[in-house]
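Asks: Structure for this input, please:
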Amino acid sequence: MHFELRNLRHFVALMSHRSFVLAAHSVNLSQPAFSRSIQALEHQVGCELVQREKKGLPPTRQGQVLLDYANEIVSKSNELAFRISAFNNNSQSVLSFGSGPVAAASIVPKAIAKLLEIHPHAKTKLTVGDWSELSLRLGRGEIDFFISNTLYFEGDNNYQITHLEARKWCLYASVDHPIFLGECIKENILKYPVACTVGVKELLANYLSKPDHIPSLICENGYSVMDVVLNSKAIGCSALLPAIEEGICSNKLLKLIEPSDFRSQQQDRKIFNGIISLKGTPAHPFRESLIGFLKEYDQAPNCVR
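Replies: Numbers count the residues shown, from 1 in each chain. Okay, here's the model as predicted:
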């Protein structure tokens, strides 16, 4: 019986996401094409691998057996690709990793600079993108790890997470914004355009008690959100970034919007970021050093609490 590695990867993705839609997206396939891949695997083994009629798509007994082997096969395939790559690069393999725009503009350059100071011959490659794109690249073995909001990966046994400093998300506006002329309450926020980062969109909707709320701008980059706020009457909603903190504490260009009920929701205001990698993949020689430097430079804002 000959198994296609591609089909096994798809089955592992399905059992990881427990959703044909999410799994298809994770491997960059249309849902019909992904479903055909799973059906081809079932036809090959002569039985159903997934209990489609049950919530959570649990594997059948045969599916669980196949999954155990598929996880091992996919892991070994990733390891083989990594080692061959190292030989092809004369043992000077490139440490490829990913990051969202904010970390890429803040802690990542400092960490790389420190790595090159200590290891001048280290080779690195940074890919900047959103969590879904970087997750695809990680699964294809194109990157070793990436920095992301950990919300999408907690509880998934396929991933290893190194947590970074938790951040608070905040509401803010330019210092001359009309919202500061009256009472800063939840209802007044809805009177103005809102520019929001992807990672806090749902948190904002929950706070506003408007689950269907659609911001005027949804953006991956918190610094772009800040620029919009500085040049308009929009209200910003993002993690409390160093540049926002500086705009509040030093330049006096920005001001936090803190309704009393918003200040009281301390736990709900936290954003958990981390370094995401796949379990069972071999570590690049400089990976732990770079991760250590990322943690070293990852400091929560200390001017605004």
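Asks: Can you give me the distance of Leu164 to Ser132?
Replies: 19 Å (CB to CB, to the nearest Å). Any C-beta I mention is one placed from the backbone N, CA and C, and that applies to glycine too.
Asks: same question, Ala205
Replies: 19 Å.
Asks: Tell me which of Leu164 and Ser132 has more neighbours.
Replies: Leu164 (21 against 14; other CB atoms under 10 Å).
Asks: Tell me if I'm right that the more buried one and Ile271 touch.
Replies: No - contact criterion CB atoms under 8 Å: Leu164 and Ile271 do not qualify, at 10.1 Å.
Asks: Go ahead and produce CSV holding the CA coordinates of stretch 35-51.
Replies: Provided in CSV are the C-alpha atoms of stretch 35-51 (Å, rounded to 0.1, in the frame of the first residue of the first chain):
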residue,chain,number,x,y,z
SER,A,35,-12.1,16.9,0.7
ARG,A,36,-11.1,15.0,-2.4
SER,A,37,-7.6,14.4,-0.9
ILE,A,38,-9.2,13.0,2.3
GLN,A,39,-11.6,10.8,0.3
ALA,A,40,-8.7,9.5,-1.8
LEU,A,41,-6.9,8.5,1.4
GLU,A,42,-10.1,6.7,2.6
HIS,A,43,-10.5,5.0,-0.7
GLN,A,44,-6.9,3.8,-0.5
VAL,A,45,-7.3,2.3,3.0
GLY,A,46,-10.8,1.0,2.2
CYS,A,47,-12.6,2.6,5.1
GLU,A,48,-13.8,5.9,6.6
LEU,A,49,-11.2,7.7,8.6
VAL,A,50,-13.4,10.5,10.1
GLN,A,51,-16.8,10.3,11.8
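Asks: For Thr150, which non-adjacent residue is spatially closest?
Replies: Gly274 (4.2 Å; CB to CB, 6 or more residues apart in numbering).
Asks: any idea of the mean pLDDT in the helix or strand hosting the one you found?
Replies: Assigned by DSSP states H and E, Gly274 belongs to strand 273-278. The average pLDDT within strand 273-278 is 91.
Asks: check contacts around the nearest residue to Ser216 once chain neighbours are set aside.
Replies: Leaving aside its chain neighbours, Ser216 sits nearest to Pro193 (3.8 Å; criterion: CB to CB, 6+ apart). Counting by CB atoms under 8 Å, 6 or more residues apart in numbering, Pro193 touches Pro215, Ser216, Leu217, Ser232, Lys233, Ala234, Ile235.
Asks: farthest pair in those residues?
Replies: Spanning the widest gap among the contacts of Pro193 are Pro215 and Lys233, at 14.1 Å by CB to CB.
Asks: Closest one of the contacts of Pro193 to Ala104?
Replies: Nearest to Ala104 among those, with distances taken as CB to CB, is Leu217, at 19.8 Å.
Asks: Please name the nearest non-neighbouring residue to the closest one.
Replies: Leu217 sits nearest to Ala195 (CB to CB, 6+ apart), 4.1 Å away.
Asks: ok so that neighbour is a strand residue?
Replies: Yes - residue state for Ala195 (DSSP: H, G, I helix; E, B strand; the rest coil) corresponds to a strand.
Asks: and it, how many neighbours does it have?
Replies: Neighbour count for Ala195, taken as other CB under 10 Å: 23.
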